[in-house]
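Novice: test case, fold it:
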Amino acid sequence: MRTSSSRRGRRTAVAAVAVVMTGTSLLTGCGSDGDDGAKSGGTITLRVGTFGSFGYDDKTGAKLYAEYEKTHPGIKIEESNVADGQKYWDTLKLRLSRNSGLADIQAIEVGYIAEATGPTMADKWVDLGKEGGAKLDAFLDWKVKQATTADGSVIGLGTDIGPMAVCYNKDLFAKAGLPTDRDAVAKLWSGDWSKFLETGRTYQKNAPAGTAFHDSASGLFNAVVSSDPVQYADASGKLDWEKSPGVKKAWDTAVAAAQGGLTAKLRQFDEKGTWNAAFKNSKFATVACPSWMTGIIKDQAGPANQGKWDIAAPPVAGNWGGAFLAVPKSGKHAKEAAELAAWLTAPEQHAKVFAVNGNIPSSKDTLTSVAVQEAKLPYFGDTPVGKIFSSAAARITPASISRWDGQVKTFLTDNGILDIEQRGTDPAKAWENVKKLVDDKIDQ
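Specialist: Here you go, the predicted model:
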């Protein structure tokens with residue numbers, strides 16, 4: 001998935017949940033222990049807790065839930081979805097600690113998988129290497145390794161990975177006097193994020209009124225750090241963000257964009273929907289675009305903007321996001337949930353989700369299949385989406401991850417870069433604020 005990107009507001013709150021359902025009853029949370037409605041009349045209701053856009057649903061996704069229900073008449077599926085990945089994770093951790101309120105299947109973003117497989121949570125999950133029938137050798141080896149605990153249990157099955165590109169609004173580029181051909185656009189910034197900033201400065205000189213070159217300095221930070229082989233952890237998996245060359249490069253690039261007036265000063269995945277509305281109203285010309293972002297653009301920019309967006313290769317290849325499906329041991333229907341998780345993440349379903357939503361699969365054969373290599377998404381016209389993202393995926397060098405990557409990323413973006421971008425906070429002060437948060441909130 002997508003990843004939502006993991007984002008977090010300044011105040012701690014229980015996440016508001018948007019519910020996508022195939023059943024007829026209304027859920028207001030991620031699940032409920034002791035809910036007698038979970039099995040009635042011989043039908044088992046399986047609840048799937050997700051964030052961002054996984055592409056399984058029956059409304060805008062690949063209609064996988066309806067397909068599974070058709071072949072499994074004793075199963076009904078309800079998905080509860082939270083836009084904000086950080087709030088989703090905070091709520092999930094609380095519910096795990098209580099063994100209450102959990103969905104039968106819970107999605108886990110890659111930024112939190114090391115915490116989920118760590119000593120405090122590892123025993124909370126069903127071993128999907130043994131239950132559910134998943135074929136682990138179908139997945140990318142490094143994807144399986146990320147979800148494996150110290151004792152060898154596999155607690156999550158890979159949904160997607162996040163090979164990165166840059167999505168751009170062709171109409172806005174043309175009005176600013178920039179090329180619109182995707183190969184010509186990619187050449188503008190090929191090999192160096194500083195060239196991306198220079199392109200932004202060129203755009204701003206002739207920018208259509210009320211628009212900015214890029215959506216968010218925080219989004220840019222995530223893109224740059226995701227393209228570096230050294231991110232938040234050292235080679236041993238120990239958190240070492242302050243000394244990381246990847247974090248420094250990403251910070252400096254994002255700060256330059258913010259202070260240079262190149263961004264729309266938006267917070268991605270904000271609860272008020274301002275970022276979403278900016279897609280629809282064409283308020284920015286570029287967005288860092290891991291594969292799962294294509295589904296968000298389609299949904300948020302809407303039919304009126306179909307054909308206006310294109311995809312170019314990024315300055316540097318990287319992987320931003322990706323996720324897993326996990327099954328809490330405490331669920332009443334763990335066997336059935338494990339079987340559904342295995343089915344949803346099988347190569348055949350990966351291909352269906354990609355065809356509709358653009359999420360690049362984490363299964364080896366699907367990633368290299370003709371269906372993916374030659375795929376196009378109707379919303380993006382003749383753009384060779386499959387070739388662009390599969391080519392980027394082939395160049396991914398997985399970075400070492402620590403159990404605190406997701407939390408540190410949130411502090412750096414929402415409590416650091418966003419303050420610089422929206423409030424004009426001095427970068428040195430913002431950096432110190434992040435350090436204090438990490439020291440206060442994270443017990444290494």
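
Novice: can we go C-alpha only for contacts and neighbour counts from here?
Specialist: Will do.

Novice: paired strands for the strand of greatest length in the chain, with orientation please.
Specialist: Counting by DSSP state E, the longest strand found in the chain is strand 157-169. Next to strand 157-169 in the sheet, as set by DSSP bridges, lie strand 284-290 (antiparallel), strand 309-312 (antiparallel), strand 319-326 (antiparallel), strand 360-361 (antiparallel).

Novice: of all those strands, which lies closest to Asp419?
Specialist: Of all the strands paired with strand 157-169, strand 284-290 sits nearest to Asp419, with 19.6 Å by C-alpha to C-alpha.

Novice: now do the same end-to-end measure for stretch 57-72.
Specialist: Using C-alpha to C-alpha, to the nearest Å, one end of stretch 57-72 lies 16 Å from the other.

Novice: now that stretch: mean pLDDT?
Specialist: On average, the pLDDT along stretch 57-72 is 95.

Novice: what residues of it count as buried?
Specialist: Neighbour-count burial for stretch 57-72 flags Asp57, Gly61, Ala62, Lys63, Leu64, Tyr65, Ala66, Tyr68 (criterion: 16 or more other C-alpha atoms under 10 Å).

Novice: what does stretch 355-371 give?
Specialist: Here stretch 355-371 shows 355-363, 365-368 as buried, counting by 16+ other C-alpha under 10 Å.

Novice: now stretch 293-304
Specialist: Met293, Thr294, Gly295, Ile296, Ile297, Lys298, Asp299, Gln300, Ala301.

Novice: pretty sure the third one contacts Ser53?
Specialist: Yes - if you go by C-alpha atoms under 8 Å, Gly295 and Ser53 touch, sitting 7.1 Å apart.

Novice: among the buried residues of stretch 293-304, which two are most distant?
Specialist: Met293 and Ala301 (11.5 Å).

Novice: so where is this protein shaky, pLDDT-wise?
Specialist: By pLDDT under 70, the weakly predicted segments of the chain are 1-41, 444.

Novice: contacts only, for the closest residue to Ala375 other than its chain neighbours.
Specialist: Using C-alpha to C-alpha, 6 or more residues apart in numbering and skipping residues adjacent in sequence, the residue nearest Ala375 is Gly386, 4.7 Å away. Contacts for Gly386 were tallied using C-alpha atoms under 8 Å, 6 or more residues apart in numbering; they are Val372, Gln373, Glu374, Ala375, Lys376.

Novice: try 6 Å this time
Specialist: Val372, Gln373, Glu374, Ala375 (C-alpha atoms under 6 Å, 6 or more residues apart in numbering).

Novice: could you name the specific helix or strand carrying it?
Specialist: Secondary structure from DSSP states H and E places Gly386 in helix 385-394.

Novice: next secondary structure after that helix?
Specialist: helix 405-412.

Novice: what does that following helix contact?
Specialist: By C-alpha under 6 Å, 6+ apart, the residues outside helix 405-412 that reach it are Arg7, Gly111, Tyr112, Tyr232, Val434.

Novice: so of those, which ones are in helices?
Specialist: Within the contacts of helix 405-412, residues falling in helices by DSSP state H are Gly111, Tyr112, Val434.

Novice: most neighbours out of the residues you listed, which is it?
Specialist: Counting neighbours by other C-alpha atoms under 10 Å, Gly111 leads those with 25 neighbours.

Novice: returning to what we had before: the buried residues of stretch 355-371 in strands, which ones?
Specialist: Per DSSP E, the buried residues of stretch 355-371 map to strands at Ile360, Pro361.

Novice: dump the buried residues of stretch 355-371 to JSON lines, plus distance to Gly74.
Specialist: Formatted as JSON lines, the buried residues of stretch 355-371 follow (distance: C-alpha to C-alpha, whole Å):
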{"residue": "Ala355", "distance to Gly74": "28"}
{"residue": "Val356", "distance to Gly74": "27"}
{"residue": "Asn357", "distance to Gly74": "28"}
{"residue": "Gly358", "distance to Gly74": "30"}
{"residue": "Asn359", "distance to Gly74": "29"}
{"residue": "Ile360", "distance to Gly74": "31"}
{"residue": "Pro361", "distance to Gly74": "28"}
{"residue": "Ser362", "distance to Gly74": "29"}
{"residue": "Ser363", "distance to Gly74": "28"}
{"residue": "Asp365", "distance to Gly74": "31"}
{"residue": "Thr366", "distance to Gly74": "29"}
{"residue": "Leu367", "distance to Gly74": "32"}
{"residue": "Thr368", "distance to Gly74": "35"}
